[in-house]
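# Give me the fold of what follows.
(chains A and B)
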Amino acid sequence: MTKAKINNVDVEVPEGTSILWAARKANFTIPTLCNHPDLVPGGQCGVCVVEIEGIPGLKRACMTPLGEGWKVHTHTARLMAIRRQLVDLILSNHDTDCLTCMKNNNCELQTLAATLGIDTIEWHKSENKLPIDRSSVAIVRDPNKCILCGRCTQVCSSIQTVNALAVNHRGYDTVITAAFDEGLGNSVCINCGQCVVHCPVGALYENSHTEEVWQAIHDPDKFVVVQEAPAVRVMLGEEFGMKPGTLVTGKMYAALRRLGFDAVLDTNFSADLTIIEEGTELVSRLKTGKRLPLITSCSPGWIKFMETFFHDMIPHMSTAKSPQQMFGALAKTYFAEQRGIAPDKIVSVSIMPCTAKKFECQRPEMNASGFQDVDFVLTTREIGRMLRAAGIDLNEMPDESADSLLGEYTGAATIFGATGGVMEAALRSAYFLVTGRELEAIDITPVRGLKGIKEAEIDIDGLKIKVAVAHSGGQARRLIEKVQDQLKNEGKSEYHFIEVMACPGGCVGGGGQSWGSNMAKRARRGESLYAEDRSLPYRRSHENPSIKAVYEKFLGKPNSERSHKLLHTHYYKRSAVDGKIITEK
Amino acid sequence: MYREQIIKKFNPTLDNILYILHDLQDNNPEHYLAKQDIRICADYLKVPYSYVQSVASFYTMFSLKPRGRNIIRLCDSPPCHLMGSQSLLDYLKKALKVNVGGTTEDKAFTLELTSCLGACGVAPVMMINEEMFGNLTPAAVDAILDKRRKEL
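Model (predicted):
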């Protein structure tokens, strides 16, 4: 333990604690800008400088461990003046069109300027405007807002190991861009949006489709159906000031209905369907012993990651589409048929915790229904904005239910939103598919939680199945490299089934979550999903009555010809330079 | 093909990145680092493409756009400034009809600035490719440019 004084207040913290965190323990919040609880401090902004008696110069509180017996001062006249000048300098080079900025009211720089009481920008304001990068279908980058804090590049390189964004040039000309400034849409970017959720300002945000969705809602000729991802029900509350992880399923249905959607359905239904299709695929691969390990395909960020960096894993991927796309294919076929609506009148909207889903729905092969299966993807933030614009307060909503056909779901579906959830859900059903009996120990806790790569072994009537779960690009890379080594050296991998989600924490940590997120919030959202799972009458996907109905009335059997046409897909090899599909001669 | 021969001269370790990039640039017929140069370096060192591009963009001795046969580097440091490098720069811009960083239409010259070349005694100075020229005046610059043009 280290003992010291911060502004004459005694503190005792574990050795190695930064001055920033030690000060919080003494109830002093040192202003910061580039610091983020989930990232390694880089000291780029310098706003958190402090003075230490007997040590010349200033120290950055975020990256200076508190020393024994130190007397630290955090708000002397000198420090206050320096902080103001630093922020002033940042603002002189920042496009301050706050009123029309995507981050208005959620900007860390805006908050900091208010906290420090900046009332004028004394430095000459830069007039140079750089072009906004709109090349990506998922993510927009505005270099004029960028403050070069480096959070996006750190998350993109260290955590996700994608390396789409990098710092280019130097000095006053420094910019953060994709390679050769050719735009994120022409790079290896996997659209995961972790850069977006870590950006303190409005330099990175989703490519918004709220206008298009409003138009569809206001068009009387269109029948607008909406689906919501598992993670959205534990995330949307935060848009309305609720505690992180508040479960709002019923209120969410009510709010969406009041917004004007013609049918409020649920991605959780198709999550159950994914389990049946993927579970059947797992069982058949276990029987033949070929193309193992089977790897999940629900995360569109992971799909592009795999297509770009791990071409040899394509045969191992589950061909099952993600729940969003299964839903899309059924909405314009099965749902349209059952409800007697012309499929060309249906506009299919999905609400996702994800930016990569915007890329997924626009993939050219995602038109099994004969139309683009999912027309528009909205992030949790976008639907939050739409609801607020319509004057709908989620807090005041009654609890309602989803509409029938594509709305019913089990506990197995809802845990898709947390890392390890797809694995757990698949095992619950695979056990039944192999043995004909139900898995008694239904909670498979080793695959839950936010620790790194998780492993577990399940005994299915003497058949030992080894599974692994990775969440984040970096973990996926480590795990898949291990599998590659095993396949190369031993001819087979120790794993039978692998779940990969591109975002840390799984979908509850997706690029479409509310601003100002961190791992602690992601953990609470995950716990809420497991709580909902426990509360539901059905907890195994194959028990879902609506799933039984869709097979009876429409699809026939799992992995049938019709299932394959509508619910399965294929993958491409992509270039590790520009992310484009490599056409083979 | 020549690129593969270049990189094979070096061990595939990250400390060689600048040597590799210099060699690739020197051998590029347009005297710059093309995307293929960045790509082959990234693949050889097993580092991300964006990383190599980022390194190349940081150093002023690397160019990421095509350059002319003669790369003029006029010294921009204070001693040369005092001895009239600013008016020489204006003169060069007018004579070559390019701005700093630009390349003449005939691809004969690219105009760049550099920091101190360590020849302040004969300021103002400039380099063309590997050769140094001191005590420059507009007339001297004219003569040098003419000679270089004839050598093309």
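
# State the distance from residue A:584 to residue A:181.
29 Å (CB to CB, to the nearest Å). Using the backbone N, CA and C atoms, a C-beta is placed for each residue, glycine as well.

# out of these two, which sits in the more crowded spot?
residue A:181 (18 against 6; other CB atoms under 10 Å in any protein chain shown).

# List phi and psi for the more buried one.
Residue A:181 adopts backbone torsions of phi 50, psi 40, taken as degrees, to the nearest 10.

# Quick check: chain neighbours aside, which residue is closest to it?
Leaving aside its chain neighbours, residue A:181 sits nearest to residue A:168 (7.1 Å; criterion: CB to CB, 6 or more residues apart in numbering or on different chains).

# Who does that neighbour form a beta bridge with?
Beta-bridge partners recorded for residue A:168 (DSSP bridges): residue A:175.

# Just to check, it is in contact with residue A:174?
Yes - applying CB atoms under 8 Å, one finds residue A:168 in contact with residue A:174, separated by 7.2 Å.

# Can you mark which positions in stretch B:121-135 are buried?
B:123, B:124, B:125, B:126, B:127, B:128, B:133, B:134 (16 or more other CB atoms under 10 Å in any protein chain shown).

# same thing with stretch A:8-21?
Buried-residue list, stretch A:8-21, by 16+ other CB under 10 Å: A:11, A:13, A:17, A:18, A:19, A:20, A:21.

# Likewise for stretch A:165-185?
Using 16+ other CB under 10 Å as the test for burial, stretch A:165-185 gives A:165-168, A:175-185.

# where does residue 89 land on pLDDT?
You didn't say which chain, so I picked chain A. The score at residue A:89 is 91. That number is its pLDDT.

# To clarify, I was referring to chain B.
96.

# if I pick it, what's in contact with it?
By CB atoms under 8 Å, 6 or more residues apart in numbering or on different chains, the contact list for residue B:89 reads B:74, B:76, B:100, B:113.

# How about residue B:115?
By CB under 8 Å, 6+ apart, the neighbours of residue B:115 are B:75, B:76, B:77.

# From the residues you listed, list just the buried residues.
Buried subset of these (neighbour count, 16+ other CB under 10 Å): B:75, B:76, B:77.

# what are the phi and psi angles of the first one?
Comment: the main-chain dihedrals of residue B:75 come out as phi -70, psi 130, following degrees, to the nearest 10.

# just checking, it touches residue B:85?
Yes - assessed by CB under 8 Å, residue B:75 is found in contact with residue B:85 at 6.1 Å.

# Where does pLDDT dip in chain A?
For chain A, applying pLDDT under 70 flags the ranges A:585.

# Grab the nearest non-local neighbour of the closest residue to chain A within chain B.
Proximity of chain B to chain A (CB to the nearest CB) peaks at residue B:48, 3.5 Å away. Distance criterion CB to CB, 6+ apart; nearest residue to residue B:48, sequence neighbours excluded, is residue A:163 at 3.5 Å.

# likewise residue A:101?
residue A:202 (4.3 Å).

# Is there a neighbour count for residue A:535? I'd like the number.
Neighbourhood size, residue A:535 [other CB under 10 Å]: 11.

# Could you do the one 10 residues further on as well?
Burial of residue A:545 is recorded as 10 neighbouring residues (other CB under 10 Å).

# And the nearest residue to it once chain neighbours are set aside, which helix or strand is it part of?
Nearest residue to residue A:545, sequence neighbours excluded (CB to CB, 6+ apart): residue A:408, at 6.4 Å. Assessed by DSSP states H and E, residue A:408 sits outside every helix and strand.

# ok, now which ones touch residue A:408?
So residue A:408 contacts A:266, A:269, A:402, A:544, A:545, A:546, A:547 (CB under 8 Å, 6+ apart).

# The second one touches residue A:324, doesn't it?
Spelled out, it's residue A:269. No - Residue A:269 lies out of contact with residue A:324 (CB under 8 Å); the separation is 11.5 Å.

# So which bits of stretch B:135-142 are buried?
B:136, B:141.

# Could I have the CA atoms of stretch A:438-452 written out in PDB?
Extracted in PDB, the C-alpha atoms of stretch A:438-452 (Å, rounded to 0.1, in the frame of the first residue of the first chain):
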ATOM      1  CA  GLU A 438     -33.000 -32.500 -21.800                       C
ATOM      2  CA  LEU A 439     -29.800 -31.200 -20.300                       C
ATOM      3  CA  GLU A 440     -30.500 -31.000 -16.600                       C
ATOM      4  CA  ALA A 441     -27.600 -28.700 -15.600                       C
ATOM      5  CA  ILE A 442     -28.900 -26.000 -17.800                       C
ATOM      6  CA  ASP A 443     -26.700 -23.200 -16.600                       C
ATOM      7  CA  ILE A 444     -23.300 -23.600 -18.200                       C
ATOM      8  CA  THR A 445     -21.400 -21.100 -16.100                       C
ATOM      9  CA  PRO A 446     -17.800 -21.700 -17.300                       C
ATOM     10  CA  VAL A 447     -18.700 -20.000 -20.600                       C
ATOM     11  CA  ARG A 448     -20.200 -16.900 -18.900                       C
ATOM     12  CA  GLY A 449     -18.600 -13.700 -17.800                       C
ATOM     13  CA  LEU A 450     -16.000 -11.200 -19.100                       C
ATOM     14  CA  LYS A 451     -12.700 -13.000 -18.500                       C
ATOM     15  CA  GLY A 452     -10.600 -13.700 -21.600                       C
END
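
# ok, the buried ones among the contacts of residue B:115 vs residue A:312, which is closest?
Ranked by distance to residue A:312 (CB to CB), the buried ones among the contacts of residue B:115 are led by residue B:76 at 51.1 Å.

# Secondary structure element holding the closest residue to the closest one other than its chain neighbours?
Spatially, and ignoring its direct neighbours in sequence, residue B:76 is nearest to residue B:113 (4.2 Å; CB to CB, 6+ apart). Take DSSP H and E as the rule and residue B:113 turns out to sit in strand B:109-114.

# Just list what that strand packs against, helices and strands only.
The helices and strands touching strand B:109-114, judged by 3 or more CB pairs under 8 Å, 6 or more residues apart in numbering or on different chains; DSSP states H and E, are strand B:70-75, helix B:85-96.

# Now do the helices in the stretch 451-585 of chain A.
A:473-490, A:519-535, A:545-550, A:561-567 (DSSP state H, counting those that start in this stretch).

# Buried residues of the first one, list them for me.
Neighbour-count burial for helix A:473-490, counted by 16+ other CB under 10 Å, picks out A:473, A:474, A:475, A:476, A:477, A:479, A:480, A:483, A:487.
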